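**Student:** predicted model, plus sequence, below.
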Amino acid sequence: MSTESTVLPYFNQPAPEIVPMVHLEAGHKRVLMQHFRTLTSRDRYLRFGCAISDEQMQNYINQIDFNQDEIFGIFNHKLELIAVAHIGISRMPKDTGEAEFGVSVIPKAQGKGFGYRLFQRAVLFARNHGIQTLTLQCLSENGPMMHIVRKAGMTVQSSHGETMASLKIPPANLPSVLDEWMQSASAKADLAIKKMTYRAAAPS
Ligand SMILES: CC(C)(COP(=O)(O)OP(=O)(O)OC[C@H]1O[C@@H](n2cnc3c(N)ncnc32)[C@H](O)[C@@H]1OP(=O)(O)O)[C@@H](O)C(=O)NCCC(=O)NCCS
């Protein structure tokens, strides 16, 4: 059996641009709130499925279980949290092996691929954490999100203006574990460098 046909095409692909996506913790609540405040009212509506006030967003953040769920964020060089993904892990007594993906990108950073990269990161996380199905709920009028759903090959069910999408996740393997390890380590290093350079450049 030749291994060339399976191995070489993978390595011959151009490396995708690195987008550091950092694991966020309870200590990031303030920066999460700043992120959600930056969304337009239309984006808040698309993200949460209804009009939502600052107070309701604060409640949403306060209710996140940072020990159970996974949150990833993308920071720019000014340490603004420009994109956030929330992977809500099912708390059903009987584990369904499901997690729900929610995402937001601030207006000035939209259309640059961050939403899709966060979705790919969520799939990798799900794969390495025994999650069998990743689901997503969005309004059917949400053009960019529906595009991401179709691009990712999700199964879609739409009714009354709402879309439920799901993706079956394959089990972890060595490349998936190494990929996640590399992405986590490089995202941490990238954030540390951004903090150093941003603080060094800040007027005292
Ligand atoms: C939905 C959202 C997360 C997408 O993030 P993003 O970083 O702008 O998305 P990306 O750049 O990764 O991808 C958007 C894709 O949609 C396409 N697109 C943009 N506008 C579109 C439209 N009106 N109709 C169809 N496709 C559209 C883009 O061409 C792009 O596709 P491509 O990369 O294959 O060319 C972002 O718009 C957002 O935060 N919206 C408000 C909150 C929200 O809707 N959250 C989703 C609910 S879970």
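**Tutor:** Right, received. Where do you want to start? Not measured: the values here are computed from a predicted model.
**Student:** so where is the chain shaky, pLDDT-wise?
**Tutor:** 1-16, 92-95, 204 (pLDDT under 70).
**Student:** rerun that using 80 as the cut-off
**Tutor:** Within the chain, the ranges that satisfy pLDDT under 80 run 1-16, 90-96, 202-204.
**Student:** would you map the helices across the chain?
**Tutor:** Ranges of helices in the chain, per DSSP state H, are 4-12, 29-38, 41-48, 54-63, 114-128, 143-151, 174-201.
**Student:** Throw those into a markdown table and include distance to Leu134, thanks.
**Tutor:** Where you see a C-beta, it was placed from the backbone N, CA and C, and this is true even at glycine. Output for the helices of the chain, formatted as a markdown table (distance: least, C-beta to C-beta, whole Å):
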| stretch | distance to Leu134 |
| --- | --- |
| helix 4-12 | 23 |
| helix 29-38 | 21 |
| helix 41-48 | 17 |
| helix 54-63 | 20 |
| helix 114-128 | 5 |
| helix 143-151 | 11 |
| helix 174-201 | 14 |
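**Student:** burial of Gly153, as a residue count?
**Tutor:** Gly153 is flanked by 10 other residues according to other C-beta atoms under 10 Å.
**Student:** for this protein, which residues are neighbours of the ligand?
**Tutor:** Contact residues, the chain versus the ligand (C-beta under 6 Å from any ligand atom): 43, 46-47, 102-105, 110-116, 136, 138, 142-145, 147-148, 151.
**Student:** kind regards, and thank you for your time.
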